[in-house]
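>>> give me a 3D structure for the following:
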Amino acid sequence: MVSGDNTMGYKGKTFRILPNEYRLSFFKAKVDVHQYLDGSISIFCQEKKLKQKPLSKAKVKFRSHRSKFGPAVIEPNEHRLTITDH
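Have a look, this model is predicted:
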C-alpha cells in the first residue's frame, strides 16, 4: 500500500511513485511489485505500469525550525511533517 507522500517500501528500499495522467496521488492504492532477474522492479496499479524512482536515504534532507503550531517542523524535500507535543 502506498503512503500519503506517494512512497512505498519494498525489500528495505523506498520508492516514490510519480503522478500520471490518471492520478496525481496513489495514497492508499494497492499496488503490485514485479521484480526481475536483474534486480530491477516495476510497480503496477490496476494493471497499469507506474512511473517510479528509488529514494536514497542519503538524499533525504531534513531541516528543522520553530513553528507557532508546535516545537518543530521537519521538512523532507517536498513534504512536511509537523511534530507537536500532546
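>>> can you map out the strands along this structure?
Here the chain has its strands, by DSSP state E, at 7-10, 13-17, 32-35, 41-45, 48-50, 52-55, 64-67, 70-74, 81-83.
>>> what's the average pLDDT for the last one?
Looking back up the chat, that one is strand 81-83. Strand 81-83 comes out with an average pLDDT of 49.
>>> and for the second one?
Taken as a whole, strand 13-17 carries a mean pLDDT of 93.
>>> in it, what counts as buried?
15-17 (16 or more other CB atoms under 10 Å). The way it works is simple: take the backbone N, C-alpha and C, and place the C-beta from them, glycine included.
>>> tell me what it is packed against?
Using 3 or more CB pairs under 8 Å, 6 or more residues apart in numbering; DSSP states H and E, the elements in contact with strand 13-17 are strand 7-10, strand 41-45, strand 52-55.
>>> nearest to residue 21, of those strands?
Counting by CB to CB, residue 21 lies closest to strand 41-45 out of the helices and strands packed on strand 13-17; the figure is 12.9 Å.
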